[in-house]
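# build the 3D model from these lines:
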Amino acid sequence: MIEKERRSEASLALVSSDERYVNRELSWLSFNERVLQEAEDPAVPLYERLTFLAIFSSNLDEFFRVRVASLRSLLGLSKKKLEKRSLDPTELLRRINGLALAQQERFGLVFRGHILPGLRDAGTDLVDELGVDAEGQGIVEAYFADTVAEHLRPIVLRDGQELPFLKDHTVYLVVELQVGAGIEMGAVEPQLGILEVPSPPLPRFRTIPASGGGSSIIFLDDIIRLNLSRVFPEHVIGDAYALKILRDADLYLDDEFDAGLKQAIKRSLKKRETGVPIRLLYDLRSSHTIVNRLKEHLGLSEEGLIPGGRYHNLHDLFALPVRPAPEHENPSLAPLAHPTLDERPSMFDVIREKDRLLHFPYQSYEYVVRLLEEAASDPDVDAIWISLYRVAQGSAIVRALIQASQNGKDVSAFVEVQARFDEELNLDWAELMERAGVRTLYGERGIKVHAKLALIRRRESEGRRLYAFLATGNFNEKTSRIYADHGLMTVDPRLTEEVFRVFQGLAGEEVDADFEYLLVAPHHLRNGFNALIDAEAAAAEQGRPSGITVKMNSLQDRGIIERLYQASASGVPIKLVIRGICCLRPGVDGLSESIEGRSIVDRFLEHSRVFLFHADGADKLYLASADWMTRNLERRVEVAFPIYDDDVRAELRAVLDLQLEDNTKARIIDAAQRNEFVTASGAPAVRSQIDTYRYLEGLLEAQSFREQG
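Now for the predicted structure:
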């Protein structure tokens, strides 16, 4: 319970939402609304709109399992601890539920009113059990008998019988049953049958032929509904309603006093499965009797009851078996080659000449994999260090590290086993690497290693040289296809030697924490950014040019926000590009009138962190693994790194300028969180992600032209 109480105390700082700050949770809901806007936009191709609905649904589930669970823990605190707060957790939960419900209603409108008709017009009809024709019914019944039935574990609840344990994030059907075929439905109070919809392991959707050609898609839920008389053969079947439980998904590691971090994670993962219920999503048509019984069984308040539609877990729409026509999906943007990294057989030779910057997903992530594979096989490489936060299934990165170890290299992998919802996968990879001889290290409880670093030591004629890869995103080939990030390959000793010191510190060695070039959390990343912001404020106060432009995922830390407010009061022009949470209120007279905020939601997830400070014309430019959130600044190992190479700086400035000029997918972040689109106002249309691809494509073509000339 210590961890729960600690989290409750820490959450107090996030509850208040006064005139200076937007509440974190409400700002997150504003971000998810931007995702929903993409699904609502008729200019977005049909299949991509469907994907945005799936993203919206997945996001919202995680939000309730983590953030709302944290807020609910505040309800048990004493009034004395809460009385000075301008917004109490009960009121905040009410507002969250109201906004979430309104967004879910919009979700239903676009799904039923636009997506389903669009799929039907494209030749794919999503049908329920009543819309299956005779031919389809035979196929569905055979599939049920051959495949589905063996996965079902139906339970009939007798009078007064306790409900079974309901698993987290799982769809169930609650079925009204009457005993005996001759009993008129409704004559007596029905019994209840309950069964889990077994997806996984079964696919959520099944394709069946449609009358008149084409195909139809049916939910697994409806396949079961169509065959309920076979599931409950001794009963007359009434209505069947879907429900889903969301449980607290946090890990309470401080409850595991006697275990090391790895064992604590393993034990806590088992506890996650039985976390406290926080939300019941149920079919709006469900009877009050059913809902009240579930409410009492789960110990939920009215705020935890969320009426919805016939289907839940709609993040499964990711797997809808549709082959979209070209006009129904985004045009392909195949990852580009890098203009110079292919110039020589060895990447080490190219990187040694000058810094090289990669932009994902616009350029291929294979260069990162190739660098590690080359290091694994190069006889002159004697050591590799890497920090792993989220890695892909079947990770080529991990395979390269294992190969390097088997080839006699000294390989150290710092694996973050506290990465939420990737804990189990990371543990599996860590144990696999350990068995292969990789020195596998774990972080400390409460301190996550979030930095994205790799370091390679190579013997060369001048002596040993360090090659570093510093990035804003994870070592993950899968997410690199959709996450917009930057990665720097360098031999600059100002960076490589300090990266080496970071790895020494992670290994538990005594090192000087006073870094000259890198900004490293939790030691002095905050102080470094504070100094950079304050320098701009001082310049503005003295009448010199100033400016701050930052791009990140989230801005929540109040200390940083206050620094930005002070800089604004001094006259510093500040431009924010924030994908997700923004607790700062831009454009408020007397507070932040020189601060402009925008957010870009498009086909790729904006994930990079870029920081630009005018610095009297010197333009100090940093990339980082960290957002301006308290957790990143104080409770994580993070690295912000300066960009020195002029060509790399020019590339980053060009990409950042496109973000600031976007008038197609950018929304205005204002004090009211209205999510209004930035309009072109007669200017040429700029869609920053597409234009970034074209810009990098132009660099590649220009390099090819120079080589041919």
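# which stretches of the stretch 451-600 of the chain form strands?
Taking DSSP state E, counting those that start in this stretch, the strands of the stretch 451-600 of the chain run over residues 452-460, 463-471, 483-490, 519-521, 548-552, 574-578, 595-600.
# before we move on, what about the stretch 201-350 of the chain?
With strands called from DSSP E, counting those that start in this stretch, the stretch 201-350 of the chain shows them at 205-209, 215-219, 235-247, 277-283, 305-308.
# where does the stretch 51-200 of the chain have low pLDDT?
Across the stretch 51-200 of the chain, the ranges flagged by pLDDT under 70 are 76-87, 160, 180-189.
# all helices of it, in order?
69-74, 79-82, 89-110, 116-121, 134-143 (DSSP state H, counting those that start in this stretch).
# off-centre distance for the first one?
Relative to the mean C-alpha coordinate of its chain, helix 69-74 is positioned 21 Å out (C-alpha atoms, centre = their mean, to the nearest Å).
# which other helices and strands contact it?
On a contact count with 3 or more C-beta pairs under 8 Å, 6 or more residues apart in numbering; DSSP states H and E, helix 69-74 meets helix 2-15, helix 89-110. Yep, even glycine has a C-beta here, placed from its N, CA and C like the rest.
# any idea how the protein splits into domains?
1-121, 123-322, 347-512, 520-708 (automatic domain parsing).
# on that earlier part again, the helices of the stretch 51-200 of the chain: which one's closest to Tyr644?
helix 69-74 (40.5 Å; C-beta to C-beta).
# what's the closest of the strands of the stretch 451-600 of the chain to Asn313?
strand 483-490 (23.7 Å).
# pLDDT weak spots in the stretch 351-500 of the chain?
For the stretch 351-500 of the chain, the stretches flagged by pLDDT under 70 are 418-423, 443-446.
# switch to 80 and redo it
For the stretch 351-500 of the chain, the stretches with pLDDT under 80 are 416-427, 429, 442-447.
# three-state assignment of Tyr644?
Assigned with DSSP: H, G, I helix; E, B strand; the rest coil, Tyr644 falls in the coil class.
# that one contacts Asp492, doesn't it?
Yes - the criterion here is C-beta atoms under 8 Å, and Tyr644 meets it with Asp492 at 6.3 Å.
# which neighbours do those two have in common?
Each of Asp355 lies in contact with both Tyr644 and Asp492 under the rule C-beta atoms under 8 Å, 6 or more residues apart in numbering.
# can you put the helices of the stretch 51-200 of the chain in CSV and add mean neighbour count and distance to Lys620?
Converted to CSV, these look like this (neighbours: other C-beta atoms under 10 Å; distance: least, C-beta to C-beta, whole Å):
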stretch, mean neighbour count, distance to Lys620
helix 69-74, 21, 36
helix 79-82, 10, 41
helix 89-110, 17, 38
helix 116-121, 15, 48
helix 134-143, 14, 62
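# in CSV, list the ones you listed along with distance to Ser546.
Output for these, formatted as CSV (distance: least, C-beta to C-beta, whole Å):
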stretch, distance to Ser546
helix 69-74, 38
helix 79-82, 40
helix 89-110, 36
helix 116-121, 49
helix 134-143, 67
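# closest to Leu388 out of these?
So among the helices of the stretch 51-200 of the chain, helix 69-74 is nearest, using C-beta to C-beta, at 26.1 Å.
# tell me which element Ile668 is part of?
Applying DSSP states H and E as the criterion places Ile668 in strand 666-669.
# that older thread, tell me which of the strands of the stretch 201-350 of the chain lies nearest to Arg649.
strand 235-247 (45.2 Å).
# tell me which residues in the closest one are buried?
Buried residues in strand 235-247, counting neighbours by 16 or more other C-beta atoms under 10 Å, are found at 235-238, 240-247.
# hang on, isn't Asp670 packed against Pro586?
Yes - if you go by C-beta under 8 Å, Asp670 and Pro586 touch, sitting 6.1 Å apart.
# between the two, which contacts overlap?
In contact with both Asp670 and Pro586: Gly597, using C-beta under 8 Å, 6+ apart.
# so between these two, which is more surrounded?
Pro586 (24 against 18; other C-beta atoms under 10 Å).
# how much space separates the closest residue in space to that one that isn't next to it in sequence from Val550?
Excluding the flanking residues, the one nearest Pro586 by C-beta to C-beta, 6 or more residues apart in numbering is Gly597, at 3.9 Å. Look at Gly597 and Val550: by C-beta to C-beta, to the nearest Å, they are 10 Å apart.
# which neighbours do those two share?
Counting by C-beta under 8 Å, 6+ apart, the common neighbours of Gly597 and Val550 are Leu576.
# ok, how many other residues are close to Leu506?
Count around Leu506 with other C-beta under 10 Å applied: 21.
# how about Glu606?
22.
# if it is in a bridge, with which residues?
Glu606 has the following beta-bridge partners by DSSP bridges: Ala484.
# likewise the one 5 residues further on?
For Phe611, the beta-bridge partners are Val550, Tyr622 (DSSP bridges).
# what is the burial count for it?
Neighbourhood size, Phe611 [other C-beta under 10 Å]: 24.
# right, and it touches Asp627 too?
No - the criterion here is C-beta under 8 Å, and Phe611 misses it with Asp627 at 10.7 Å.
# returning to that earlier point: now, the most widely separated pair of the buried residues of strand 235-247?
Within the buried residues of strand 235-247, Val236 and Arg247 form the most distant pair, 33.4 Å apart (C-beta to C-beta).
# my guess is Val398 contacts Trp429. True?
Yes - with contact defined as C-beta under 8 Å, Val398 counts as touching Trp429 (5.3 Å).
# if we can go back for a sec, let me have the strands of the stretch 201-350 of the chain in CSV, extended by distance to Leu576 and mean pLDDT.
What follows is those, written out as CSV (distance: least, C-beta to C-beta, whole Å; pLDDT from 0 to 100):
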stretch, distance to Leu576, mean pLDDT
strand 205-209, 40, 92
strand 215-219, 42, 91
strand 235-247, 32, 91
strand 277-283, 32, 86
strand 305-308, 33, 85
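# quick one: contacts for Leu320?
Leu320 neighbours (C-beta under 8 Å, 6+ apart): 50, 205, 217.
# partners of the second one in the sheet?
With DSSP bridges applied, the residues forming beta bridges to Phe205 are Phe219.
# that one and Thr124: what is the separation?
For Phe205, the distance to Thr124 - C-beta to C-beta - is 11 Å.
# backbone phi and psi for the closest residue to Gly617 other than its chain neighbours, please?
Counting by C-beta to C-beta, 6+ apart, the nearest residue to Gly617 once its immediate chain neighbours are dropped is Pro545, at 7.0 Å. Per-residue torsions, Pro545: phi -60, psi 150 (degrees, to the nearest 10).
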